[in-house]
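J.: sequence isn't available, so here's the structure alone:
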């Protein structure tokens, strides 16, 4: 579903290469995490996969589409229709209700506006926030804002979700609620999810964790049928994990 082939990205002014000949695959219908310390380049990696930033060399393929072959307009259309992005800071518009925030992507689609409320009700019910759709972001908790952001990311029925530290601003209760939403979308709806995180608990929900350091994937850890608690312990004691947090 997602394939990176020798992908590199360098910030020209500083001459710092934050992604360096990185190669990995994310299988269709799986939930993968890229795990590394703050400042390791995880967000840049996600941005080049999502077509937000350009990569300097290599190739990224999503659902058999080569991103390097797309124009800027084609990339925007591809992202709108195939990729949902969830940010750490929610990126909700304060003057819009949660419902209006969720519905924003549909304004670029050929859908009858009379159907909008039914669509938003259905998707919000799936993530447990249907009863607060007419509230504004400042009137709800961080976890509820993030679930609204996830609803917005999936309202176009994307094949892939990219999540950038999605629980970075949440307390433990909200973290669990948000991660259970991602797990539900992956297991029940079959959406492929790639998440970047530095958090062990968050990573333990995934099928596979790839360890990212100095611009490359250094190793990976597979869940292989383990319970979430077992996988948490496996990640904690896993290959090269100590090196990441030096």
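T.: Now that the structure is in, tell me what you want to look at. This is a predicted model, so every value here is computed, not measured.
J.: so what's residue 11 up against?
T.: residue 18 (CB atoms under 8 Å, 6 or more residues apart in numbering). In short, each C-beta sits where N, CA and C put it, glycine included.
J.: which other helices and strands contact the helix or strand harbouring residue 230?
T.: Assessed by DSSP states H and E, residue 230 sits inside helix 228-236. The helices and strands touching helix 228-236, judged by 3 or more CB pairs under 8 Å, 6 or more residues apart in numbering; DSSP states H and E, are helix 200-203, strand 216-222.
J.: not counting sequence-adjacent ones, nearest residue to residue 135?
T.: Closest residue to residue 135 apart from its sequence neighbours, by CB to CB, 6 or more residues apart in numbering: residue 98 at 6.0 Å.
J.: neighbours of the one you found, how many?
T.: As a burial measure, residue 98 scores 27 neighbours (other CB atoms under 10 Å).
J.: hmm, residue 218 is touching residue 212, no?
T.: Yes: counting by CB atoms under 8 Å, residue 218 does reach residue 212; the two are 7.2 Å apart.
J.: the two: who's more crowded?
T.: residue 212 (25 against 15).
J.: which residues does the residue nearest to that one when sequence neighbours are not counted contact?
T.: Nearest non-adjacent residue to residue 212, counting by CB to CB, 6+ apart: residue 36, 3.8 Å away. By CB under 8 Å, 6+ apart, residue 36 lies in contact with 42, 196, 198, 211-213, 244.
J.: and the residue sitting nearest the centre point of the chain, what does it touch?
T.: For the chain, the residue sitting closest to the mean C-alpha position, by CA atoms, centre = their mean, is residue 163 at 1.7 Å. Contact partners of residue 163, counting by CB under 8 Å, 6+ apart, are 85-86, 182, 193-196.
J.: out of the helices and strands in the chain, which is least certain?
T.: helix 241-244 (a mean of 50; mean pLDDT, DSSP states H and E).
J.: rewinding a little: between the contacts of residue 36, which sits nearest residue 5?
T.: Nearest to residue 5 among the contacts of residue 36 is residue 212, at 16.6 Å by CB to CB.
J.: in three-state terms, label that closest one for me.
T.: The local conformation at residue 212, judged by DSSP: H, G, I helix; E, B strand; the rest coil, is strand.
J.: does it touch residue 39 like I think?
T.: No: if you go by CB under 8 Å, residue 212 and residue 39 don't touch, sitting 11.2 Å apart.
J.: centre of the chain to the helix ranked longest in the chain, how far?
T.: The longest helix of the chain (DSSP state H) is helix 172-189. Relative to its parent chain, helix 172-189 has a centroid offset of 12 Å by CA atoms, centre = their mean, to the nearest Å.
J.: likewise for stretch 152-169?
T.: Mean C-alpha position of stretch 152-169 versus that of the full chain (CA atoms, centre = their mean) differs by 5 Å.
J.: ranges for the strands of this structure?
T.: 2-11, 16-26, 31-35, 57-62, 65-66, 83-86, 160-164, 192-197, 208-213, 216-222 (DSSP state E).
J.: need these in JSON lines (columns: mean pLDDT).
T.: Putting these into JSON lines (pLDDT from 0 to 100) gives the following:
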{"stretch": "strand 2-11", "mean pLDDT": "91"}
{"stretch": "strand 16-26", "mean pLDDT": "86"}
{"stretch": "strand 31-35", "mean pLDDT": "95"}
{"stretch": "strand 57-62", "mean pLDDT": "95"}
{"stretch": "strand 65-66", "mean pLDDT": "95"}
{"stretch": "strand 83-86", "mean pLDDT": "95"}
{"stretch": "strand 160-164", "mean pLDDT": "96"}
{"stretch": "strand 192-197", "mean pLDDT": "96"}
{"stretch": "strand 208-213", "mean pLDDT": "91"}
{"stretch": "strand 216-222", "mean pLDDT": "89"}
